[in-house]
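Asker: everything below, folded, please.
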Amino acid sequence: MLAQQLLNGVVVGSVYGLFALGFTLLFGVNHIMNMAHGAVFMWGAFAGLFAVTMFDLPFAAALVIGAVAGGLLSVVLDWVAFRPLRKRNAPEFSAIVSSIGANLILLSLAQQMTATRVMRFPFDTFPIRFYEILGVRVQLLQLVIMAVVILTVVGLVWYLQRTNAGRQIRAVAYSEGTSRLLGINPFSINFQVFFLSGALAGVAGVLIGLVFNSVHFMMGEPLLLRAFVVIILGGLGSIPGALIAGLLIGIVQVLTVSYLSAGMADVVVFSLLFLVLLARPTGLFGSASGGAARVARQ
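Answerer: All right, here's what the predicted structure looks like:
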C-alpha cells in the first residue's frame, strides 16, 4: 500500500515540478512572478483536450499542441502585460499586478467558453493498461508521464547548458546590462524564456488533465499556489530544486490524503514549508545570491 502511494505521489509530484519549472525559469531570468502562469497551464490543457475531442488527434499530438499553445499564450502575455512595463523600467510589483489582471481575463474567457463545465478526455484517449512491478500495480499512463517529465527536464537542461541560445539565456539571467555589452539581444531571449515557460505549463496541463480526467477553468489556481511552495522550498531560480521539491510535495500530498484526510493536505504541505524555511531560509537548493545567479550557473 505504501509503495503504491509513493508511486502515485512521484507521478503527481513530477507534474508539479514540471509546472513549477516554467515558473521558476521565468523568475530566475526575468525576475517576474507571473501570476497568470496557472491560466497558461489551464489553456494548455484545453488546447490538448480540443485536439483530441474536436480533431480526433492522438495523445502525443495533444501533448505537442498543449505545449505550443501554452508557449504562444505566454509570449502574447509578455507582449501585452510585461514588455511595455520593461520598456518603462517599471518596478517588479507592477508586473505582478499586470499578470493578475491578465490572469483574471484568461479565467473569465475560459469560464464563458465552457459555461463553467468540467470537461473530460474521451475514454479511449490513452490505453488503460496495468503492470505488476515488484508487487506494485503500475499504470501505463504513469510510466509515460514520468518518461515525458524526465525527457522534458533533460531537454531543458541540455538547451540551457549546451546551446548558444541557452548560454545567452544564462547570460541575461546573470546580468542583462552585461549581456547587452556582449551583443546579446534581451528581447529575443525574453521570447525564448516566455515560450519555454508556457510550453512547460502547457505540457503539465495536458498531463494533469489526463491523470484526473478533469479540465476546467479553475484548474490552474490551486497548482499556482503549490508552485509557490515548490519554488520557495526548492530555492528561487533552482531548476533541480524545483523538480525535487515538486516530487516531495506530490509525495507528501498523496500520503496525507491516503492516511489522514484530503482536508489536511494543504496543512501538512505548508507546515513542511514553514519548517524547511526555519532551517534553510533560502530553500533546500537556494543560495543568498538569488534566483538569477542560480539559473546562470545551471
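
Asker: which residue packs closest to residue 250, ignoring adjacent ones?
Answerer: residue 13 (2.0 Å; C-beta to C-beta, 6 or more residues apart in numbering). Any C-beta I mention is one placed from the backbone N, CA and C, and that applies to glycine too.

Asker: measure the one you found to residue 134 for me?
Answerer: 20 Å (C-beta to C-beta, to the nearest Å).

Asker: so for the two, which residue has more residues nearby?
Answerer: Shown here are residue 13 and residue 134; by other C-beta atoms under 10 Å, residue 13 has more neighbours (25 against 6).

Asker: so which strand or helix has that one?
Answerer: Per DSSP states H and E, residue 13 falls inside helix 2-30.

Asker: show me what that helix is packed against.
Answerer: Counting contacts by 3 or more C-beta pairs under 8 Å, 6 or more residues apart in numbering; DSSP states H and E, helix 2-30 packs against helix 37-53, strand 136-139, helix 140-162, helix 164-174, helix 186-211, helix 220-234, helix 239-259, helix 291-297.

Asker: so for residue 17, which of these sits nearest?
Answerer: Smallest distance to residue 17 across those (C-beta to C-beta): 2.5 Å, for helix 239-259.

Asker: hmm, back to that, so what's the residue nearest to residue 250 up against?
Answerer: Contacts for residue 13 (C-beta atoms under 8 Å, 6 or more residues apart in numbering) come out as 246, 247, 248, 249, 250, 251, 253.

Asker: thought the fourth one was touching residue 15?
Answerer: Okay, so that is residue 249. No. The criterion here is C-beta atoms under 8 Å, and residue 249 misses it with residue 15 at 10.8 Å.

Asker: residue 122 against residue 50, yeah?
Answerer: No. Using C-beta under 8 Å, residue 122 is not in contact with residue 50, being 11.8 Å away.

Asker: of those two, give the one with the bigger neighbour count.
Answerer: Using other C-beta under 10 Å, the more surrounded residue of residue 122 and residue 50 is residue 50, with 17 against 11.

Asker: buried residues in stretch 55-62?
Answerer: For stretch 55-62, the neighbour count (16 or more other C-beta atoms under 10 Å) marks 57, 59, 62 as buried.

Asker: avg pLDDT for it?
Answerer: Here stretch 55-62 scores 94 as its mean pLDDT.

Asker: roughly how far apart are residue 176 and residue 184?
Answerer: According to C-beta to C-beta, residue 176 and residue 184 sit 9 Å apart.

Asker: actually, residue 205.
Answerer: 31 Å.

Asker: who has more neighbours, the two?
Answerer: Set residue 205 next to residue 184 and count neighbours by other C-beta under 10 Å: residue 205 wins out with 33 against 17.

Asker: hang on, that one packs against residue 44?
Answerer: Yes. Using C-beta under 8 Å, residue 205 and residue 44 qualify as a contacting pair, with a distance of 3.8 Å.

Asker: count the neighbours of the nearest residue to residue 258 once chain neighbours are set aside for me.
Answerer: Leaving aside its chain neighbours, residue 258 sits nearest to residue 5 (4.9 Å; criterion: C-beta to C-beta, 6+ apart). Residue 5 is flanked by 16 other residues according to other C-beta under 10 Å.

Asker: which of the contacts of residue 13 are buried?
Answerer: Buried subset of these (neighbour count, 16+ other C-beta under 10 Å): 246, 247, 248, 249, 250, 251, 253.

Asker: what's the closest of those residues to residue 210?
Answerer: residue 250 (15.9 Å).

Asker: residues touching residue 53, list them.
Answerer: 119, 121, 122.

Asker: next, the second one: phi, psi?
Answerer: Backbone torsions of residue 121, given as degrees, to the nearest 10, read phi -70, psi 150.

Asker: how many residues are close by it?
Answerer: Residue 121, neighbours per other C-beta under 10 Å, totals 21.
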